[in-house]
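> predicted structure and sequence below. I'll ask about it afterward.
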2 protein chains.
Amino acid sequence: MEWTREMRYRPYADWSAETLLKLQAQASNSPYQMGYHIRPTSGLLNDPNGFSYFNGQWHVFYQSFPFGAAHGLKSWMHLVSDDLVHWKELGLAVAPDTKYDSHGAYSGSAIALDEQLFLMYTGNHRDQNWIRHPFQLGAYMDQNGEVTKLAEPLITQPEYATDHFRDPQIFKHGEYYYIIIGAQDKATKSGKIALFRSKGLKEFTDLGYLDFTADTMGYMIECPNLVFVDEQPLLIFCPQGLDKDIVAYENIYPNMYLLGDKVRLDQAKFETSTQQIKNLDDGFDVYATQAFNAPDGKAYAISWVGLPDVSYPTDQENWANCLSQVKELSLKDGKLLQRPVNSMAELRKKGTILIPSEIVSGSQQLIAESGEQYELKLTLDTDQNGTLHLAGNDDLSQSLTLDFSTGQDAQLTVSRAHAGQQFATKFGTTRKIDLPAHQTLELEIFIDHSLCEIFINGGEHVMTLRFFADQGPKQIALTSENGPVNYRGTFWKLKSI
Amino acid sequence: MEWTREMRYRPYADWSAETLLKLQAQASNSPYQMGYHIRPTSGLLNDPNGFSYFNGQWHVFYQSFPFGAAHGLKSWMHLVSDDLVHWKELGLAVAPDTKYDSHGAYSGSAIALDEQLFLMYTGNHRDQNWIRHPFQLGAYMDQNGEVTKLAEPLITQPEYATDHFRDPQIFKHGEYYYIIIGAQDKATKSGKIALFRSKGLKEFTDLGYLDFTADTMGYMIECPNLVFVDEQPLLIFCPQGLDKDIVAYENIYPNMYLLGDKVRLDQAKFETSTQQIKNLDDGFDVYATQAFNAPDGKAYAISWVGLPDVSYPTDQENWANCLSQVKELSLKDGKLLQRPVNSMAELRKKGTILIPSEIVSGSQQLIAESGEQYELKLTLDTDQNGTLHLAGNDDLSQSLTLDFSTGQDAQLTVSRAHAGQQFATKFGTTRKIDLPAHQTLELEIFIDHSLCEIFINGGEHVMTLRFFADQGPKQIALTSENGPVNYRGTFWKLKSI
């Protein structure tokens, strides 16, 4: 199906309820549909929005185009949770229904006030010549989930930026609210982060661009986030068109982070001495990660698992993408760690402790029938190599493979080249990370139907990816061509949320 | 809002997706919305349909009018479960989209075949004069949830019945499939159950009315079900307009049962010697209970919590009703027991054991803040009386009350007269059951926001009701004006599903 502009921007009122009900049933019935991750009720999901803690619950919203696997007219869909794991869908919260968001209620963030959750987001309006006019809009959500939009924009497109000006993140620092916004500089056509501040959420002072790097950040920065991890500032952002000589990456667009020493927001300065810009996720499919500091100071992140301008196999089923699990951010020896939240353990059914047996030039089945929804914790000893097969078919001719070596040139390579339906192959079918030499490798792997999240060495790396294995029984196996592999681990089937 | 015929029967294609999205959000955001029961995604829910076990999962569907709290154009919404407790919504499964179900895909049942679930339901077609033509229709659902309707009806309205001819239940007995259908006899305008049988689900032989009582069963019987409990036949049915001298009841329409000794289906005979027709539920709001025998022979039932022709407070929020929890049926000393399924215990969070203290002419708080979602097990000793208050406000001026006496004239009376918003008061605000004299009273109470299910003495009685308490903190308390009350019990907050 070709998505014409008319179809993508057709008002929600002009789609039929029958179509929507069918799309919802189609998304629910898909064998690739996630069981314990946030997924679209119908159509396409992209960026997480408004991740926050308010009224005694965690809140997150997602960018939604409910009418198919296309980036059409966007709205915010709302979910709440008591534990960051079990999410309850509340449905449409911010619809594209005013003159300022007539062509989409795009991404944004939220901050809890006393009795209300304040939402700040980008509304797009297209004029008769299809010229985009981005507006940074505000809305108040009350404790019953009722959203009241402000009548006028809070921030309009500044002189210095093009119409690529979006994704406001609001946070409080000291006595001010600060807002950072992804921007394209008009003069240089380069990616920037604009900084504003406000005392009472009524008037916003433009502080210019945030100074955080001397390098050119491609042609546009999307979804900037500034959070504090153990009091150090962390900048998460998506520099589109970033030169790979500045930071290497393989996905169509990267999601990067930069750990700072401190910020001087009044001077628009993000200071970092030794830290470099790095990939936030070393897998295939993470983008638009949103992070925020909870009332207790902890930093949490959640990602869109999906990429702009990439087609996924479920496009054929009229739905696409999901959100990652929530990741708790912390620092260890100056390095960023991303970890599953503790409540994830509540999804575990009875565990199976893996009983090692010696593998010599062969294959050992770890789990005969893994199902589609599980957690696998696996420790691999130093100085060995082999391949872990997930979602393997009978003869392992099909599987998602993790090639590991834990010796001198230690590496982990994930390949989806033989894991069912192929897609996005022009960006490669493998992702590789270097590991510390001669060290034990700790893997925490979460599989949810067509989603794989791999936490490596306590969250020093995360590799997130979609894969679309053929239907049928699936095994987990270890193969080795170079002698025995020593391992230990536990396997849990996981409950749905 | 007045629901005109045009609005109620408007095709799903003529409602807008925007309206549906708003209705879905409204139903989700309601403070009265259930957290661990099946509830409408939007609009009105009524009868459970197609309760079955197929393809390794439990299935249930519900009658849905997605566009408001009205009995409009009906469809089937589908849910699946691994444990009869955690239900996953799959959405629209049987739409009113053929000439035979153009005016509603009404209630029916399901039976698992090898690779398919066979659905049998009533389709209504209205002609130009708005005359109803009921058809008993068939459809096959495959393992991917795809439903294919048969082109032609399986059974049409027989000569002897009026157009009140609906709600087929299909089950296998011996080498035949049997179908029972609720009917109104044309000659006498009385409620009947029509019986058919079939060998290959292609040709259906009319066996006439099922002979199970000499009494007149009102003017119509809806939702007949025949299941076997410990090998004894059990007939569950809804005789509308039943004379209260035949069986006493207080609800607008009753849901009755009759336990038999045996059935001779080839002779259309349901034989019972001593058993009488009884209320299946002694509360306010149970109707259209559907039961079936699982592959292991166990009998399970699930009820619509809601009644025809009754308005509920959430009608103002454009949604209405829910399903009960699944009840396992068994016999004890020739009496029917209805019990929560074992998996319900998996919803429990950490329990609180109630520590009794003596109450003399006063009130004891059992739980200071119960929340809206819990289970309370309470044992009350013999020869005492008092009142249990659920969902009580600060001074207990508002609460759902259970007056108990466990002496000579032992009784339990549930009153919702002071439990928030009043409704259906013309059918009374209390329901009372007699209890065995001088016996301990065992209560298992499940509260889910606006739903209360009370299992009495191991399931000898069930009292199910909706109530709409004011928002705010809620306590559980015991009051007594006649000396101490001895009790013991446990309280658990329950997880959402």
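Happy to help now that I have it.
> what residues does chain A have near chain B?
Contact residues (CB under 8 Å from any CB of the partner chain) of chain A with chain B: A:11-22, A:24-25, A:28-29, A:31, A:66-67, A:78, A:86, A:88-93, A:95, A:144-146, A:495-496. All C-beta atoms are positioned from the backbone trio N, CA, C, and that covers glycine.
> okay, and which of those map to strands?
Taking DSSP state E as the definition of strands, those contribute A:78, A:88-93.
> can I get these in TSV including neighbour count?
Below are these laid out as TSV (neighbours: other CB atoms under 10 Å in any protein chain shown):
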residue	neighbour count
A:His78	24
A:Lys88	16
A:Glu89	16
A:Leu90	20
A:Gly91	24
A:Leu92	26
A:Ala93	25
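> from these, which two are the most distant?
With CB to CB as the measure, no two of these lie farther apart than A:Lys88 and A:Leu92, at 14.5 Å.
> may I see the ChimeraX selection of the buried members of the residues of chain A next to chain B?
In ChimeraX, a selection of the buried entries from the residues of chain A next to chain B looks like this (16 or more other CB atoms under 10 Å in any protein chain shown):
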select /A:12,15,16,17,18,19,20,21,22,24,25,28,29,31,66,67,78,86,88,89,90,91,92,93,95,145,495,496
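> residues touching A:Gln136, list them.
Taking CB atoms under 8 Å, 6 or more residues apart in numbering or on different chains, we find A:Gln136 in contact with A:108, A:120-123, A:153-156, A:168, A:179, A:181.
> make that A:Val485, sorry
A:Val485 neighbours (CB under 8 Å, 6+ apart): A:359, A:380-381, A:384-386, A:478.
> equivalent analysis for A:Leu331, please.
Counted by CB under 8 Å, 6+ apart, A:Leu331 has contacts A:229-230, A:232, A:259, A:337.
> and A:Cys223, by the same measure?
A:47, A:107, A:167, A:182, A:236-238, A:255, A:287-290.
> inside helices: which ones of those residues?
Among the contacts of A:Cys223, the subset assigned to helices under DSSP state H is empty.
> note down every partner strand of whichever strand or helix holds A:Pro224 and its orientation.
Using DSSP states H and E, A:Pro224 sits within strand A:220-229. Next to strand A:220-229 in the sheet, as set by DSSP bridges, lie strand A:232-240 (antiparallel).
> which residues touch the partner strand?
A:182, A:191, A:193, A:212, A:217-228, A:253-263, A:270, A:280, A:287-289, A:291, A:299, A:301, A:329, A:331, A:336.
> stretch A:193-209 now?
Counting by CB under 8 Å, 6+ apart, A:118, A:138, A:154-155, A:158, A:161, A:165, A:175-183, A:185, A:192, A:210, A:212, A:221, A:224, A:235, A:237, A:265-266, A:268 sit against stretch A:193-209.
> all helices of chain A, in order?
A:5-8, A:17-29.
> need the max-distance pair from the contacts of A:Leu331.
So, those by CB to CB: farthest apart are A:Gln232 and A:Leu337, at 12.4 Å.
> find the closest residue to chain B in the stretch 251-400 of chain A.
A:Glu346 (9.2 Å; CB to the nearest CB).
> and that residue, what is it in contact with?
Counting by CB under 8 Å, 6+ apart, A:Glu346 has contacts A:83, A:85-86.
> list just the nearest of these to chain B.
For the contacts of A:Glu346, the nearest to chain B is A:His86 (6.8 Å; CB to the nearest CB).
> so who does the closest residue to the closest one other than its chain neighbours touch?
Closest residue to A:His86 apart from its sequence neighbours, by CB to CB, 6 or more residues apart in numbering or on different chains: A:Ile497 at 4.8 Å. Contact analysis of A:Ile497 by CB under 8 Å, 6+ apart lists A:35-37, A:85-87, A:347.
> from those residues, which single one is nearest A:Asp434?
Taking the contacts of A:Ile497 together and measuring to A:Asp434 by CB to CB, the closest member is A:His37, at 28.3 Å.
> relative to chain B, which of the ones in strands among the residues of chain A next to chain B is nearest.
A:Gly91 (3.5 Å).
> I figured that closest one hits A:Ser75, correct?
No: at 10.0 Å, A:Gly91 does not count as touching A:Ser75 under the criterion of CB atoms under 8 Å.
> tell me which residue of the stretch 351-497 of chain A lies closest to chain B.
Closest point on the stretch 351-497 of chain A to chain B, by CB to the nearest CB, is A:Ser496, at 6.4 Å.
> pretty sure that residue is touching A:Gly35, no?
Yes: A:Ser496 is within contact range of A:Gly35, at 4.1 Å (criterion: CB under 8 Å).
> so what's in contact with these two at the same time?
By CB under 8 Å, 6+ apart, the residues touching both A:Ser496 and A:Gly35 are A:Gln373.
> what sits against the nearest residue to A:Cys322 once chain neighbours are set aside?
Counting by CB to CB, 6+ apart, A:Arg39 is the residue found nearest to A:Cys322 once chain neighbours are left out, at 4.4 Å. Contacts for A:Arg39 (CB under 8 Å, 6+ apart) come out as A:27, A:33, A:45, A:319, A:321-323.
> could you export those as JSON lines, including pLDDT and distance to B:Arg488?
Below are the contacts of A:Arg39 laid out as JSON lines (pLDDT from 0 to 100; distance: CB to CB, whole Å):
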{"residue": "A:Ala27", "pLDDT": "98", "distance to B:Arg488": "48"}
{"residue": "A:Gln33", "pLDDT": "98", "distance to B:Arg488": "45"}
{"residue": "A:Leu45", "pLDDT": "98", "distance to B:Arg488": "49"}
{"residue": "A:Trp319", "pLDDT": "98", "distance to B:Arg488": "51"}
{"residue": "A:Asn321", "pLDDT": "98", "distance to B:Arg488": "52"}
{"residue": "A:Cys322", "pLDDT": "98", "distance to B:Arg488": "47"}
{"residue": "A:Leu323", "pLDDT": "98", "distance to B:Arg488": "45"}
